[in-house]
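**Student:** Got a predicted structure plus its sequence, pasted below:
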Amino acid sequence: MAGRIEDYALIGDLETAALVGTDGAIDWMCVPRFDSPACFAALLGGEDNGLWRIAPVGAGRCSRRSYRGETLVLDSLWETAWGAVRVTDFMPPRLTETGPHGPRIVRRVEGVAGRVEMRGELRLRFDNGRVTPWTRTVDGRVVTAVAGPDSAHLAVDADVDTSTTKSSTVSDFAVRAGQCVTFVLTWSPSHIAGTPSADAGASLTDTMEFWRDWASECRYDGPHRDAVVRSLITLKALTYAPTGGIVAAVTSSLPEHVGGERNWDYRFCWLRDSTFTLSCLLRSGYREEAEAWTGWLLRAVAGEPDDLQPLYGAAGQRRLVESPAPWLSGYEDSRPVRFGNAAVDQLQLDVYGEVVNTMYSALRAGVPLDGHAWKLVASLMRHVEKHWREPDAGLWEVRGPRRHFVHSKIMSWVAADRALRLARVAGLRASAARWRGMREEIRKDVLRHGWDDEQGCFVQFYGSRGVDATSLLLPRLGFLPPDDRRLRGTLEAARVLDHEGFLRRYADTDGQVHAVDGLTGGEATFIACSLWFADALAMTGRPEEARQRFERVLDVRNDVGLLSEEWDPVTYRQLGNTPQAFSHVALVNSAFALYGTRNGSRARSGPADGPDRHLGGRLSA
């Protein structure tokens with residue numbers, strides 16, 4: 001049985017990643033890319049769907065574990081009656097090594113005290129845990145597994161008693177204090193011959209140096225810096241280096257409610273994450289990553305605005321067909337397991353505002369935009385002008401009927417507002433008057449249909465009385481000033497979403513079919529929403545409560561500082577896909593919102609949220 005979601009730590013090579021449990025098992029990895037089929041899928045099924053465990057014989061959870069400083073190198077320590085042993089897991093970033101190669105996992109087993117009997121068990125299953133490869137041993141210390149387009153090679157640098165069967169490779173060995181045994185597993189296309197080197201000492205040194213050098217560039221120096229740096233390292237690990245795209249999470253189908261159907265594939269790149277991510281990276285001093293992310297965005301959305309998708313693959317691919325995987329029983333029997341995401345075909349009007357806002361934020365930060373970018377703005381705005389009055393699926397990608405979601409309308413207003421601010425630089429003066437008129441029309445429409453005077457707040461969609469956590473984004477979007485009574489009233493109304501100190505996305509229905517999203521089963525609180533609330537409180541003059549909300553989120557990170565999508569304050573466990581980029585981006589942005597002015601962090605790190613701050617009105621419209 002897979003561990004609890006918070007039991008997993010992340011290792012990665014900037015093109016894919018693996019999850020390592022506290023029991024020493026790697027239960028999830030996709031190869032060769034984040035959005036490729038998994039070769040270890042025990043996380044969503046059972047052991048026979050693929051895993052790689054190395055641990056003391058008969059042991060359960062490790063005694064303790066941690067990353068080595070500001071790196072993605074993981075140490076897990078077991079203390080037994082016979083001695084102590086450390087397993088070090090890492091994936092060398094592919095961009096640090098010469099010549100092309102596939103994903104590589106290095107596992108170093110080091111004796112710390114006494115003598116400890118160890119067992120390694122490798123169960124490779126290609127095609128998302130469905131295909132058992134043909135396995136054979138070559139030259140005594142190399143095990144090769146092949147099935148269809150996939151092959152993997154396991155090399156060991158010591159004499160280890162290894163037995164191979166049709167279903168698994170088992171290694172029995174012992175380590176004494178001071179001894180070290182290294183295992184290296186490398187994936188490659190099956191038509192390319194080759195085996196990995198078992199000499200991993202240089203790879204460990206290079207990997208440590210890479211992450212330490214990268215982390216040292218972080219400009220945040222306020223309170224909770226360790227949490228901010230860990231979140232930034234996690235975001236870097238979720239980056240597909242060849243394109244600059246950042247996936248939402250490395251997993252698929254981890255449930256938002258155990259046993260329920262809210263199980264989605266998050267191994268893709270969402271456009272709406274772009275503004276949050278860009279702000280996070282620029283504030284923290286990572287201009288190169290911000291430029292790469294902007295480049296990915298512009299390439300992904302190239303084409304007709306009618307073809308704009310809410311999400312794309314890590315390489316920018318558009319076809320992400322959603323299909324079930326009935327051979328997988330699901331995480332704690334949460335079915336169906338899904339690969340691909342049908343949200344790719346939804347109309348989500350807010351993404352147009354996100355794209356234009358991202359381009360505007362990039363320009364403010366000094367990221368150059370070429371002529372194609374200016375033409376893209378004009379093209380997107382023609383589309384928004386034509387379609388903003390239509391209902392859509394909204395930010396939460398509901399599977400129920402389309403609605404006139406207030407957040408989608410406000411993001412259409414953002415698109416018009418930011419386009420106006422770009423107009424002078426881009427030479428789009430001829431369109432400015434039209435965009436100014438559209439901006440005012442959308443504003444009046446939202447204030448007329450999205451505001452509930454009786455409740456004193458903005459509602460989720462036109463005609464509803466429900467409150468939505470997206471209203472917490474209003475202060476940063478500039479739709480209303482922070483001291484506006486309507487904004488303050490909405491923030492107070494959002495407290496109805498509070499559940500044990502954390503916020504839901506919108507009203508729960510106690511497991512019944514939800515009238516808005518069309519799905520059964522409840523869900524836990526949404527970590528990013530809790531952080532949005534902290535930001536909104538800070539921006540409206542309530543810093544003490546904002547800090548309390550922020551620190552409450554810090555307390556639910558796992559033992560190595562990772563956050564999934566949701567937190568269940570009743571069962572005290574993380575839920576949803578992990579680690580979640582949206583959660584870690586929100587954490588970094590909240591730290592800057594709450595503490596960034598201390599010690600000069602914000603001043604050194606780039607633009608803050610909100611239109612035209614740092615521009616001196618140069619682009620004001």
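**Tutor:** Happy to help now that I have it. Residues are numbered from 1 along each chain as shown.

**Student:** Distance from stretch 33-43 to the middle of the chain?
**Tutor:** Once both centres are worked out by CA atoms, centre = their mean, to the nearest Å, stretch 33-43 turns out to sit 16 Å from its chain's centre.

**Student:** swap in stretch 500-514?
**Tutor:** Here the centre of stretch 500-514 is set off from its chain's centre by 22 Å, with CA atoms, centre = their mean.

**Student:** Please, where are all the helices along the stretch 151-300 of the chain?
**Tutor:** Using DSSP state H, counting those that start in this stretch, the helices of the stretch 151-300 of the chain run over 201-215, 225-237, 273-283, 287-300.

**Student:** Please point out which parts of stretch 110-119 sit buried.
**Tutor:** 110-112, 116-119 (16 or more other CB atoms under 10 Å). For glycine as for every other residue, the C-beta is placed from the backbone atoms N, C-alpha and C.

**Student:** and what of stretch 171-183?
**Tutor:** For stretch 171-183, burial by neighbour count (16+ other CB under 10 Å) applies to 171, 173-175, 179, 181-183.

**Student:** cool, and stretch 562-569?
**Tutor:** Within stretch 562-569, the residues scored as buried using 16+ other CB under 10 Å are 562-568.

**Student:** Span of it from start to end?
**Tutor:** One end of stretch 562-569 to the other measures 17 Å (CA to CA, to the nearest Å).

**Student:** can you list contacts of it?
**Tutor:** Residues outside stretch 562-569 that contact it (CB atoms under 8 Å, 6 or more residues apart in numbering): 5-6, 8-10, 230-231, 234, 249, 254, 256, 266, 499-502, 523-527, 530, 553, 556-557, 573-580, 582-584, 587.

**Student:** try it again with 7 Å
**Tutor:** With contact meaning CB atoms under 7 Å, 6 or more residues apart in numbering, stretch 562-569 is reached by 5, 9-10, 234, 256, 499-502, 523-527, 556-557, 574-580, 583-584, 587.

**Student:** And stretch 250-266, by the same measure?
**Tutor:** So stretch 250-266 is contacted by 5, 10, 17, 28, 34, 43-44, 238, 248-249, 267, 330-334, 336-341, 519-524, 565-566, 575-578 (CB under 7 Å, 6+ apart).

**Student:** cutoff 6 Å now
**Tutor:** The contact list for stretch 250-266 (CB atoms under 6 Å, 6 or more residues apart in numbering) reads 17, 34, 44, 248-249, 267, 331-334, 337-341, 519, 521-523, 566, 575-578.

**Student:** follow-up on the earlier one: and of the helices of the stretch 151-300 of the chain, who's closest to residue 441?
**Tutor:** helix 273-283 (23.1 Å; CB to CB).

**Student:** Can you spell out which helices and strands pack onto that closest one?
**Tutor:** The contact analysis (3 or more CB pairs under 6 Å, 6 or more residues apart in numbering; DSSP states H and E) places helix 273-283 against helix 287-300, helix 350-364, helix 581-595.

**Student:** export those helices to CSV and tack on mean pLDDT, mean neighbour count and distance to residue 61?
**Tutor:** Formatted as CSV, the helices and strands packed on helix 273-283 follow (pLDDT from 0 to 100; neighbours: other CB atoms under 10 Å; distance: least, CB to CB, whole Å):
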stretch, mean pLDDT, mean neighbour count, distance to residue 61
helix 287-300, 89, 21, 35
helix 350-364, 92, 25, 41
helix 581-595, 97, 26, 24
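
**Student:** Before we go further, residue 22 is sitting in a strand, right?
**Tutor:** No. Assessed with DSSP: H, G, I helix; E, B strand; the rest coil, residue 22 is coil; it does not lie in a strand.

**Student:** backbone phi and psi for it, please?
**Tutor:** Dihedral pair for residue 22: phi -70, psi -10, per degrees, to the nearest 10.

**Student:** Was I right to think residue 11 contacts residue 89?
**Tutor:** Yes. The pair residue 11 / residue 89 is scored as a contact, 5.4 Å apart, by CB atoms under 6 Å.

**Student:** residues shared between the contacts of these two?
**Tutor:** Common contacts of residue 11 and residue 89 (CB under 6 Å, 6+ apart): residue 74.

**Student:** Let me have the helices and strands packed on helix 273-283 in CSV, extended by distance to residue 153.
**Tutor:** As requested, those are exported to CSV (distance: least, CB to CB, whole Å):
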stretch, distance to residue 153
helix 287-300, 31
helix 350-364, 41
helix 581-595, 31
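
**Student:** The ones you listed: which one's closest to residue 376?
**Tutor:** For residue 376, the closest of the helices and strands packed on helix 273-283 is helix 287-300, at 6.9 Å, according to CB to CB.

**Student:** Beyond the closest one, next helix or strand please.
**Tutor:** Moving toward the C-terminus from helix 287-300, the next helix or strand (DSSP states H and E) is strand 311-312.

**Student:** partners of that following strand, with directions?
**Tutor:** Under the criterion DSSP bridges, strand 311-312 sits next to strand 269-270 (antiparallel) in its sheet.

**Student:** now residue 230: how far from residue 22?
**Tutor:** 18 Å (CB to CB, to the nearest Å).

**Student:** nope, residue 190 is what I meant
**Tutor:** 33 Å.

**Student:** next one: residue 6
**Tutor:** Counting by CB to CB - residue 6 and residue 22 are separated by 9 Å.

**Student:** pLDDT on stretch 542-553, on average?
**Tutor:** Here stretch 542-553 scores 97 as its mean pLDDT.

**Student:** quick one: buried residues of it?
**Tutor:** By 16+ other CB under 10 Å, the buried positions in stretch 542-553 come out as 542, 546-547, 549-550, 552-553.

**Student:** Kindly report the same for stretch 376-384.
**Tutor:** Using 16+ other CB under 10 Å as the test for burial, stretch 376-384 gives 376-378, 380-381, 383-384.

**Student:** Now do that stretch: distance to the chain's middle.
**Tutor:** Worked out by CA atoms, centre = their mean, stretch 376-384 lies 28 Å from the chain centre.

**Student:** Quick one: residues in contact with it.
**Tutor:** Taking CB under 6 Å, 6+ apart as the rule, stretch 376-384 contacts 305, 352, 412, 415, 419.

**Student:** where's the last one, which helix or strand?
**Tutor:** Spelled out, that is residue 419. Secondary structure assignment for residue 419, by DSSP H and E: helix 406-426.

**Student:** and the helix or strand that that helix is followed by, how far from the chain's centre?
**Tutor:** Of the helices and strands lying after helix 406-426 in sequence (DSSP H and E), the nearest is helix 429-449. Offset of helix 429-449 from its chain centre (CA atoms, centre = their mean): 34 Å.

**Student:** Kindly export helix 429-449 (C-alpha atoms) in PDB.
**Tutor:** Provided in PDB are the C-alpha atoms of helix 429-449 (Å, rounded to 0.1, in the frame of the first residue of the first chain):
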ATOM      1  CA  ARG A 429      -3.100  53.500 -30.000                       C
ATOM      2  CA  ALA A 430      -5.700  52.800 -32.600                       C
ATOM      3  CA  SER A 431      -7.100  50.000 -30.400                       C
ATOM      4  CA  ALA A 432      -6.800  51.900 -27.100                       C
ATOM      5  CA  ALA A 433     -10.200  53.700 -27.300                       C
ATOM      6  CA  ARG A 434     -12.000  50.400 -28.000                       C
ATOM      7  CA  TRP A 435     -10.200  48.600 -25.100                       C
ATOM      8  CA  ARG A 436     -10.900  51.500 -22.800                       C
ATOM      9  CA  GLY A 437     -14.600  51.200 -23.600                       C
ATOM     10  CA  MET A 438     -14.500  47.400 -23.100                       C
ATOM     11  CA  ARG A 439     -12.800  47.800 -19.800                       C
ATOM     12  CA  GLU A 440     -15.500  50.200 -18.500                       C
ATOM     13  CA  GLU A 441     -18.300  48.000 -19.900                       C
ATOM     14  CA  ILE A 442     -17.000  44.900 -18.100                       C
ATOM     15  CA  ARG A 443     -16.500  46.800 -14.900                       C
ATOM     16  CA  LYS A 444     -20.100  48.000 -14.900                       C
ATOM     17  CA  ASP A 445     -21.300  44.500 -15.800                       C
ATOM     18  CA  VAL A 446     -19.500  43.000 -12.800                       C
ATOM     19  CA  LEU A 447     -20.600  45.600 -10.400                       C
ATOM     20  CA  ARG A 448     -24.200  45.200 -11.600                       C
ATOM     21  CA  HIS A 449     -24.500  41.400 -11.800                       C
END
